[in-house]
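Peer 1: Sequence first, then the predicted structure:
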Amino acid sequence: MDSCHFATRNKGADSEVSSPIQPEFGLWTLFRQLQRHQFPLGVDDYLALRTALRAGFGWSSRAELCTLCCSLWAKSLAEQAVVRALFDTLQLEDWALITQQSTPVHDESLGSAAEMATDGESADITDGVVNENTIVASATELEGHDDVSSVESGVGQIGELMVAPLNRVLPPLTWRSDQALPSVHVFLSQFPTNYRIVSQTWRRLWWPVREGPKTELDIQGTIESRIRTGVATPPVLRSSRRNRARLLLLVDRQGSMAPFHAFVAEVRDTISKTSRLGNVAVAYFHDVPLDGADSSVLQDLTDHAATGLDPVLSQVSPLSDGVLFADPELLSPLTAIDVLEGHGIDAGIVVISDAGAARRHRDLLRLLDTVAFLMTLKSYSNRVVWLNPMPIKYWLKTTAAQIGRHVPMFPMDADGMHYAVNVLRGQPFIVERPI
Amino acid sequence: MPSRINTSLKYSIENLPEKREIEDPQIYPVPASNPPTRTVMAEPYLPDNELIDVVNLAIALGRPLLLQGDPGSGKTRLAYAVAFALGLPLEEAYIKSTSQAQDLLYTYDAVKRLYDAQLGDLGPRDKHGARLASEIDNYIRFGPLGKAIARAQFGRPSVVLIDEIDKADLDFPNDLLYELDRLRFKVHEAPHIAHATESVRPVVFITHNEEKPLPPAFLRRCVFHRVEFPKDKMIIDRILALHDIEDTPLRDKAIDVIQRLRTIDLSKKPGLSELIDWVGYLQAVGLAPEELESLPYIQAVIKQTNDQRRVVKEFSRVTLTQT
């Protein structure tokens, strides 16, 4: 691993510095901690920090060093909070100017700085910086640091490797591992999918149709018209493409879906913002989209565990009068007919619900109501998918498995959404028992 | 990423003149030497020390500076201020949702060339009498980043502002990665036109409205800073003074009102540029500081009806308790 690489090269290069044991350099530990917190950091970022330290940034106070780490490693407000919280756990000695006579601090970049601090002669400076360069060159393929002839503190020129002021050494920073973290907790959302995956998956859902005013140049048409007539003709224009794909999301809220509220909200927001869809409508319901299906058909049913509603499927009538909600708190009702007429015709319809998988048992009435609603949906659009936030291994022996026999049901992770978008794009999907 | 540290440019706000002669960025093509200059007035901008440090860090490391913050917090004007302070020409690239990364480097007007070629001998000619359509160079026009790289190749740095980068398509920042990293590009339609710069790097500012997240590969190459509304009353006072608002009692009262407004739970909190516009107008109209309690012309600062109602209710409640 990279840390071992650094350590071995260090030991070889710094062997002339008389030091007993090398304590860990705190900023390297901070860097590794951030990597473990899923920060997209590589060795380049650590080297950038070292370059900035060599240039003289981050020396004057602890706050400045913290800000330097945040500027280079944190790329959003939430990440800044994490970096600051972890930086606060670094134990620090008194941040006073330590002069030339102090003992050299043991670390790669500080080793060279310390050598310069203690010796202060150009020969050793070159040695120290060449030392630095071998470490740098081995870690990445940076080119062009051959201009190490003269090192001046203060105003330098472009291309020279500027070194930190000669009479200052960064105080030793060690990791305070035995102490409890500060009580401020920073919560970072960790969903099964991230923003980019969701947006790139749902961007595939687009049905481009040329409609609207003719604003685009049709190169092929222009060339053809000129070939046909043989004289200079005005360019031929055509309408630009508009995305005619529409999407209706029906989202289950509260009850068994309560743990998934934040995840579903984030996916819904991502789809609304980044997909190239013209019209993303969202409606909310609780447990079943519409209820009140005629339960008399269930009288003849004997063993629903094995076959579900299959024997009486032909007798189930579509269910369409009922209420869906316009807001996540289920406070503003809309008639289901209005929603489906307004947004559902020829649209891709996605139902986001656990379909009873969280309850871990089979519920016949729920299955009946859901199947009746799916029959209604079929008359509006033939592209219906079901996204289930519960992982697929929990569907067995629950209503979710039974519903999954009638409608394409996918788990709500990256692969599941990919297959769902395939079905919404019109790819045929074979369900066990079509309605 | 280069390991060289650029220490030739250092941004500081001390002793800035009122106006300066800076190279004119509108001149096209970029002259190789002795560029014509134009007078640029000083940009009234007061950055805090953290912002100055992060600008110098970005210049020293040769990385773009990514600025985030609420609208109206001064992200765009920072580029103007730094360009004036360093005496460098400013290339502006205002990104739209239809922007392509290649347009920042160059654009090739193929249709115009087709037209001019169609006219044959009757087509337009350049000053030497040769037909324009015969030379592809006449139809290639560099964009802001292309001009900055060309100018850097001639040894002159410049400041590039890429404004509101998240308005563009999801892939836009990724398309810019190579050019921002290596600072070299080649015109595909005319391979003899190419520019590359090794030692001189333009200073790049990228502003971000937080509407969409940016790709991590792009974020890794940037230095990040979030511009916040100043918390210290003294700093707001100095900023207002810098914008020619001399009426001191009016200034104090306005700052007091704004700080109280920002404590109320609004859907959009008033920003710095709105404050400056509002107080400037109040000073021009000649309003007395006491009248500010009734929040005159508050539409310049609070832009939504719900917020306005809440603010008026809050302020009338405070006045009642005071009397």
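Peer 2: Cool, got the structure.
Peer 1: pLDDT weak spots in the stretch 101-250 of chain A?
Peer 2: Flagging of the stretch 101-250 of chain A using pLDDT under 70 yields the residue ranges A:101-188.
Peer 1: who touches A:L49 in this structure?
Peer 2: By Cβ atoms under 8 Å, 6 or more residues apart in numbering or on different chains, the contact set of A:L49 is A:L27, A:F31, A:L68, A:C69, A:L72, A:W73. The way it works is simple: take the backbone N, C-alpha and C, and place the C-beta from them, glycine included.
Peer 1: Please, which helix or strand holds it?
Peer 2: helix A:43-54 (DSSP states H and E).
Peer 1: Any buried residues in the next helix or strand after that helix, and which?
Peer 2: Where DSSP H and E defines the elements, the next helix or strand beyond helix A:43-54 is helix A:62-73. For helix A:62-73, a neighbour-count test (16 or more other Cβ atoms under 10 Å in any protein chain shown) marks A:E64, A:L65, A:C66, A:T67, A:L68, A:C69, A:C70, A:S71, A:L72, A:W73 as buried.
Peer 1: These: which ones sit near chain B?
Peer 2: A:E64, A:T67, A:L68, A:C70, A:S71, A:L72 (Cβ under 8 Å from any Cβ of the partner chain).
Peer 1: Which of those lies at the shortest distance from chain B?
Peer 2: Ranked by distance to chain B (Cβ to the nearest Cβ), those are led by A:S71 at 5.0 Å.
Peer 1: how much space between the residue nearest the centre of chain A and A:G56?
Peer 2: By Cα atoms, centre = their mean, chain A has its centre lying nearest to A:N194, at 2.9 Å. Distance, A:N194 to A:G56, using Cβ to Cβ, to the nearest Å: 37 Å.
Peer 1: related to what we said a few turns ago, so which of the buried residues of helix A:62-73 is the closest to B:H195?
Peer 2: Compare each of the buried residues of helix A:62-73 with B:H195 using Cβ to Cβ and the shortest gap goes to A:L72, at 28.4 Å.
Peer 1: Tell me which stretches of chain B form strands.
Peer 2: For chain B, the strands defined by DSSP state E occupy B:19-23, B:37-41, B:65-69, B:90-94, B:106-108, B:140-142, B:159-163, B:184-186, B:194-196, B:203-208, B:223-227.
Peer 1: could you give the mean pLDDT of the second one?
Peer 2: If I follow you right, that is strand B:37-41. Mean pLDDT, strand B:37-41: 91.
Peer 1: Tell me what angle it forms with strand B:19-23.
Peer 2: Calculated by axes from the mean of the first three to the mean of the last three Cα atoms, to 10 degrees, strand B:37-41 forms an angle of 140 degrees with strand B:19-23.
Peer 1: and if you look at the longest one?
Peer 2: Taking the same axes, to 10 degrees, one finds strand B:203-208 and strand B:19-23 inclined to each other by 100 degrees.
Peer 1: Those residues of the stretch 51-200 of chain B touching chain A, which are they?
Peer 2: Near chain A, when you scan the stretch 51-200 of chain B using Cβ under 8 Å from any Cβ, you find B:53-54, B:56-57, B:60-61, B:63, B:66, B:68, B:111, B:118-119, B:170, B:198-200.
Peer 1: Of those, grab the buried ones for PyMOL.
Peer 2: Remark: buried members of these, expressed as a PyMOL selection using 16+ other Cβ under 10 Å:
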select buried, chain B and resi 53+54+56+57+60+61+63+66+68+170+199+200
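Peer 1: from the residues of the stretch 51-200 of chain B next to chain A, which single one is nearest A:N243?
Peer 2: Looking across these and measuring by Cβ to Cβ, the closest to A:N243 is B:L170, at 14.9 Å.
Peer 1: which residues touch A:V351?
Peer 2: A:V351 is in contact with A:L250, A:D252, A:P289, A:V384, A:V385, A:W386, A:L387, A:V407, counting by Cβ under 8 Å, 6+ apart.
Peer 1: Check what pLDDT the fifth one gets.
Peer 2: You'll see A:V385 listed with a pLDDT of 95.
Peer 1: next one: the last one
Peer 2: A:V407 is assigned a predicted lDDT (pLDDT) of 93.
Peer 1: Tell me who's in contact with the residue nearest to it when sequence neighbours are not counted.
Peer 2: Leaving aside its chain neighbours, A:V407 sits nearest to A:W386 (5.1 Å; criterion: Cβ to Cβ, 6 or more residues apart in numbering or on different chains). Neighbour list for A:W386: A:V350, A:V351, A:I352, A:S353, A:A355, A:I403, A:G404, A:V407, A:P408, A:M409, A:F410 [criterion: Cβ under 8 Å, 6+ apart].
Peer 1: same question, B:I165
Peer 2: Contacts here follow Cβ under 8 Å, 6+ apart; on that basis B:I165 touches B:I95, B:F172, B:P173, B:I206, B:T207, B:H208, B:L214.
Peer 1: what about the fifth one, how many neighbours?
Peer 2: In this case it means B:T207. Residues lying near B:T207 (other Cβ atoms under 10 Å in any protein chain shown) number 24.
Peer 1: my guess is it contacts B:R77, does it?
Peer 2: No - using Cβ atoms under 8 Å, B:T207 is not in contact with B:R77, being 10.1 Å away.
Peer 1: In the stretch 1-150 of chain B, where is pLDDT below threshold?
Peer 2: B:1-3.
Peer 1: Which parts of it are helices?
Peer 2: Applying DSSP state H, counting those that start in this stretch to the stretch 1-150 of chain B gives helices spanning B:49-61, B:75-86, B:101-105, B:110-118, B:144-153.
Peer 1: Highest mean neighbour count out of those?
Peer 2: helix B:144-153 (a mean of 25; mean count of other Cβ atoms under 10 Å in any protein chain shown).
Peer 1: Remind me what that one packs against, helices and strands.
Peer 2: With contacts defined as 3 or more Cβ pairs under 8 Å, 6 or more residues apart in numbering or on different chains; DSSP states H and E, the packing partners of helix B:144-153 are strand B:90-94, helix B:101-105, strand B:159-163, helix B:172-182, strand B:184-186, strand B:194-196.
Peer 1: Can you tell me which of these is packed in deepest?
Peer 2: Neighbour counts (mean count of other Cβ under 10 Å) averaged over each of the helices and strands packed on helix B:144-153 peak at strand B:159-163, with a mean of 24.
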